[in-house]
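Asks: I would like to see how this sequence folds:
(2 chains)
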Amino acid sequence: MYHKFYALFLGLFLCTSQVSASQGQLELAAQAYDKGDFYQSVKIYEELISEGLDNGHVFYNLGNAYYRLEEPGKAMAAYLAAKRLLPRNPDIKANLAYVHGQIKDKLEYQTESGFLNVIAFWQDSVTSKEIFEVFLFFWCLGFLLLGVFYWKRQLVLLKRSGLGMLGVAVITFSAFLISQNQDAVWGAVSANSAAVRSGPGELNTQVFELHRGAPIKITEEEKDWFLINLSDGKKGWIAKKQVSSYGFKNS
Amino acid sequence: MENPSMKQYLKNSILLLILALGISDRANAANLQASISPSEGDVGTTFQLTLQVQGELNEEIEFPKVPGLTLLGTSHSSQISYINGRRTSSIAFIYSLKAEGPGDYTVPPIEAKINGSTQRSNATKFTVEKPSDHVKVKGSNLPGAFVQRNYSSRKPFVGEAVLRTTKLFFRIKVVEENRSISKTDHTRFFSDIDKEMGQETFSGQRFSVLSYNDVIVPGRSGTLNIPSDYVSIGIQLQSSRRSRGSFFGELFDDAFSQRTTKTLSTKEDSIEVQSLPSQGKPSKFSGLVGSFKTTADLSIRELKQGETATLTIEVEGRGLLDTMGALPLVFDENIKIYPDKPVNEEKVTKQQGIWSKRVYKFALVPNQAGELDLGTFELPVFNPDKESYEVLKADLGTLQVMAAPEVSKVVTPNSPERSGLDKTEVESLTRDFLVDIHRNFDIETQTGLNSTNRTWLYTIAGLAPFLFCLNLLMHGFLSRSGQPNAKQRRSSALRYFNLDKQNWEAKWLQTDLSTEAIESYYRIYKDFLGNKFNTNGSALTGREIERICDSLALSEDQKSNAKEIVKSMDQLAFSDGLFSAEQGLKLISKMDALISEIDRHVP
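Replies: Numbering: from 1, shown residues only, chains lettered A, B, ... in the order given. Modelled structure (predicted):
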């Protein structure tokens, strides 16, 4: 019995230590940034992200540090990752728009038009997690109201509200599924210029060229290549080494 | 037939017949007919003008513009047929029209090029009547629905925002509503406020009230005539066929009811718009009317020569600011000013009418060391609350400028070489535009849907239906074990009935005795019988109720009462006839009498 308590206590202690260690690392990164040591700042932020820290503020700070290092492509990729987690943050929007204004290729980083995207108009302002939390709220509340209704049959409003809540929950869950489907990986070109080819390989025909910072939507990967979609409707394959992205499929 | 003149006559007759047929065929081949349906309606009605085109249409038809008529949309259907090998085609164009106000409307003849020649249709006329401001309810002096309109101020100043509220009062079942607003000349109009639902008492009767709020800003003084607004409402008439008792029954009852549309109109009214007083008008007054405040902020107070400070001036408050032009800021000649495009924000709210905010940003670059006084920013406005002019002021403070360090020309990827800027200047400008890093945040929050929180959230989602099922099982178990026996049900039947009756009275006594109210009372009556005779009351049929009453030693009057109740309820359920309040009361008193009689016989 004591062993179990000890293991639980140790687990909690290790978790807390991990968090405080990460918090300490963040302070070091901010100090390095303030001193102008942007390489060190980038290094710390990248380490935290590679350890699995999926936090919008960290991606945002990384974007700033990359921008200071005159790496607008990597900065763009970091801001896009930050936007996925904090879609309504005005600082991220401002810096993203600022960096976007400086890139050569006039491509958008918003989802392009299309039927599914018209329905899922909200996807650029809410995260999948938030949608799931809304679903969970209505889902649980719906079952709770129906549960109470079985004990208080005369309260018909409970039944109607409960069914209504479950209806909203189903709609929200559909929205969540759409969001999961649409939550594509956005990245940016990190090389000065990158050839986009008709297939995954150097021997395929070059169909067009992109420049540093161009926002791209990654839809597939094959060995060292990404299949990308652009906001103007173009498609093609680009070498992974020329792309920077933070998403489900890291380059 | 041998007569040659007869032959000639026949020959001529056949030729004439062929010619006549040919002419009539040509005449049928190109034809344009217009008709309108309905020919009378009110302002909310959609009129459909059908233009029937016989023949080959050579070019697109242009629908004529009729003042006061709005073309909502066009659809068409075409038909091609072969009669005796001859191909004939016809197209019907249907134009959906809506009138802006009451009156007689005439759509002039429509021209179209058919089979190479220009054809004209007949003119069509229709009448749009002025709708009433209320909907009557049978058997009641109070209307079932009506509209009212009022204003936050009847004597506003030019440029002052006035909140206009149109209220739809209703106590009948309104399933949809749509408001159309008539625009007023020389007035700006804002209608971004969400409509609100509430309840109000009118002539001692509770009404549901839907309020539409919008804001008008008069652009010139004098009497401002405001035309009527129209509210179209869809009214649900309860059908006699209702599904009762099922779990989903009450949710889907709407599918068995009838719907009708009525248009209600507010009265035409006017407001007196006052001109702004000439007395005390500041010289630099630009026409801003409202209750505003202004603030100014400088990003840094101490900087080096050649560095940039951002000056932000914000004006915000109640009223419109979009007419405010560029701010002519003038400073010492040692400060260069680079204005940014101003940002305007507007919100239309019920509380404030129009709330506006305008943000001006200026990049200030001092080119001389020392203390520079920026002075005060002043903005004259007219405040309608105080009915006087006032000058808004914001102190801009001072700038401490230090001498610039020695800088060297460098080349950066952001092409400063081309723009001729040095690295210090580039960096300082960049720092201003790039928002700084985030420092105080919790790394545990603002995360994505990772595997850890995904597991938790999915577990909670699964737990909810599991607990619900557990709840159902427990309820089933407890209700079976705690069910009262037949004797308890019988002895408590009257008590349950009285409790149900109290609830019924609380719900229905304040309103007209509707079909729904009588049906609800009948259910209570059946529940009483169910309790008395240990059966499911809601499932009792009319025949079973009659049988129960026959089996008791009731008086003949009461037995016939029981039959009449069943008959009346059947009529109510299977025919479209509605009961009057008097009939309903009579039926309820019969049920009451029968219940006390049955309770006496079956204690």
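Asks: Quick one: mean pLDDT over the lengthiest helix in chain B.
Replies: As assigned by DSSP state H, the longest helix anywhere in chain B is helix B:451-481. Over the span of helix B:451-481, the pLDDT mean works out to 81.
Asks: what domains does the record give for chain A?
Replies: Domain ranges of chain A: A:2-100, A:117-182, per automatic domain parsing.
Asks: Now the longest helix of chain B: buried residues?
Replies: Across helix B:451-481, burial judged by 16 or more other Cβ atoms under 10 Å in any protein chain shown covers B:457, B:461, B:464, B:468, B:471. All C-beta atoms are positioned from the backbone trio N, CA, C, and that covers glycine.
Asks: Quickly compare the domains of chain A and say which is most buried.
Replies: Mean neighbour count (mean count of other Cβ atoms under 10 Å in any protein chain shown) peaks for domain A:2-100 among these, with a mean of 18.
Asks: quick one on the thing from earlier: can I get the domains of chain A in JSON lines including mean pLDDT?
Replies: Below are these laid out as JSON lines (pLDDT from 0 to 100):
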{"stretch": "domain A:2-100", "mean pLDDT": "80"}
{"stretch": "domain A:117-182", "mean pLDDT": "81"}
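Asks: Tell me the spacing between residue A:241 and chain B.
Replies: Going from residue A:241 to chain B by Cβ to the nearest Cβ, to the nearest Å gives 20 Å.
Asks: Look up how far residue B:36 lies from that residue.
Replies: 70 Å (Cβ to Cβ, to the nearest Å).
Asks: ok, now residue B:267?
Replies: The gap separating residue B:267 from residue B:36 is 29 Å, by Cβ to Cβ.
Asks: Give me the more crowded residue out of the two.
Replies: residue B:36 (16 against 11; other Cβ atoms under 10 Å in any protein chain shown).
Asks: In JSON lines, list the domains of chain A along with distance to chain B.
Replies: Shown next, in JSON lines, are the domains of chain A (distance: least, Cβ to the nearest Cβ, whole Å):
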{"stretch": "domain A:2-100", "distance to chain B": "4"}
{"stretch": "domain A:117-182", "distance to chain B": "4"}
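Asks: Dump those domains to TSV, plus distance to residue B:358.
Replies: Output for the domains of chain A, formatted as TSV (distance: least, Cβ to Cβ, whole Å):
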stretch	distance to residue B:358
domain A:2-100	18
domain A:117-182	25
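Asks: that older thread, of the buried residues of helix B:451-481, list those near chain A.
Replies: B:457, B:461, B:464, B:468, B:471 (Cβ under 8 Å from any Cβ of the partner chain).
Asks: In the residues you listed, find the pair that's most separated.
Replies: Greatest spatial distance in those: B:457 and B:471, 21.6 Å, computed using Cβ to Cβ.
Asks: just for the stretch 351-500 of chain B, where's the confidence low?
Replies: B:404-433, B:444-452, B:479-484 (pLDDT under 70).
Asks: Now with 80, please.
Replies: B:351-352, B:367, B:403-434, B:440, B:442-455, B:475-489 (pLDDT under 80).
Asks: The spatially closest residue to residue A:211 that is not a sequence neighbour: neighbouring residues, count only.
Replies: With Cβ to Cβ, 6 or more residues apart in numbering or on different chains as the criterion, residue A:211 has its nearest non-adjacent residue at 4.2 Å, and that residue is residue A:104. Close neighbours of residue A:104, defined as other Cβ under 10 Å, add up to 14.
Asks: Need the phi and psi values for residue A:104.
Replies: Note on residue A:104: its backbone torsions stand at phi -80, psi -50 [degrees, to the nearest 10].
Asks: Tell me the spacing between it and residue A:189.
Replies: In terms of Cβ to Cβ, residue A:104 sits 10 Å off from residue A:189.
Asks: Next: residue B:150.
Replies: Counting by Cβ to Cβ, the separation of residue B:150 from residue A:189 is 60 Å.
Asks: and those two? which has more neighbours close in?
Replies: Neighbour totals were compared for residue B:150 and residue A:189, and residue A:189 leads with 30 against 12 (other Cβ under 10 Å).
Asks: what bridges to that one?
Replies: Note on residue A:189: beta-bridge partners by DSSP bridges are residue A:243.
Asks: Would you confirm that it contacts residue A:238?
Replies: Yes: using Cβ atoms under 8 Å, residue A:189 is in contact with residue A:238, at 7.4 Å.
Asks: and the longest strand for chain A?
Replies: For chain A, the strand with the greatest residue count under DSSP state E is strand A:215-222.
Asks: List the buried residues for that strand?
Replies: A:215-218.
Asks: for residue B:435, phi and psi?
Replies: phi -70, psi 140.
Asks: Now the residue nearest to it when sequence neighbours are not counted: which helix or strand?
Replies: Spatially, and ignoring its direct neighbours in sequence, residue B:435 is nearest to residue A:91 (4.3 Å; Cβ to Cβ, 6+ apart). Here residue A:91, judged by DSSP states H and E, is contained in helix A:90-100.
Asks: If I take that helix and strand A:215-222, what angle do their directions form?
Replies: Here helix A:90-100 runs at an angle of 90 degrees relative to strand A:215-222 (axes from the mean of the first three to the mean of the last three Cα atoms, to 10 degrees).
Asks: centre of the chain versus helix A:90-100, how much separation?
Replies: 15 Å (Cα atoms, centre = their mean, to the nearest Å).
Asks: Check the average confidence over stretch B:120-128, would you?
Replies: 89.
Asks: and the end-to-end length of that stretch?
Replies: Stretch B:120-128 has an end-to-end distance of 25 Å (Cα to Cα, to the nearest Å).
Asks: Can you tell me what sits against it?
Replies: Outside of stretch B:120-128, the residues within contact range by Cβ atoms under 8 Å, 6 or more residues apart in numbering or on different chains are B:32-36, B:38-43, B:45, B:47, B:49, B:51, B:99, B:101-112.
Asks: List the ones among the residues you listed that fall in strands.
Replies: Using DSSP E, these in strands are B:32-36, B:40-42, B:47, B:49, B:51, B:99, B:103-107, B:111-112.
Asks: Quick check on these: which are buried?
Replies: Counted by 16+ other Cβ under 10 Å, the ones in strands among the contacts of stretch B:120-128 give B:32, B:34, B:36, B:41-42, B:47, B:49, B:51, B:99, B:105, B:107, B:112 as buried.
Asks: Would you point out the most distant pair within those residues?
Replies: Applying Cβ to Cβ across those, the maximum distance is between B:42 and B:112, 30.8 Å.
Asks: ok so residue B:526 is a helix residue?
Replies: Yes: assessed with DSSP: H, G, I helix; E, B strand; the rest coil, residue B:526 lies in a helix.
Asks: domains of chain B?
Replies: Using automatic domain parsing, chain B is parsed into the domains B:11-129, B:134-273, B:290-403, B:486-601.
Asks: between the ones you listed, which one is nearest to residue A:57?
Replies: domain B:290-403 (22.3 Å).
Asks: Can you give me the first-to-last residue distance of the closest one?
Replies: 44 Å.
Asks: How far off centre is that domain?
Replies: 39 Å.
Asks: And chain A, is that domain touching that?
Replies: No: Domain B:290-403 lies apart from chain A when judged by Cβ under 8 Å from any Cβ; the minimum separation is 12.1 Å.
Asks: quick one: contacts of stretch B:530-540?
Replies: Contacts for stretch B:530-540 (Cβ under 8 Å, 6+ apart): B:244-245, B:486, B:489-490, B:492-493, B:496-497, B:523, B:526-529, B:548, B:598-599, B:602.
Asks: Which PyMOL command selects the buried ones in these?
Replies: Filtering the contacts of stretch B:530-540 down to the buried ones (16+ other Cβ under 10 Å) takes a single PyMOL command:
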select buried, chain B and resi 489+490+493+496+497+523+526+527+528+529+548+598+599
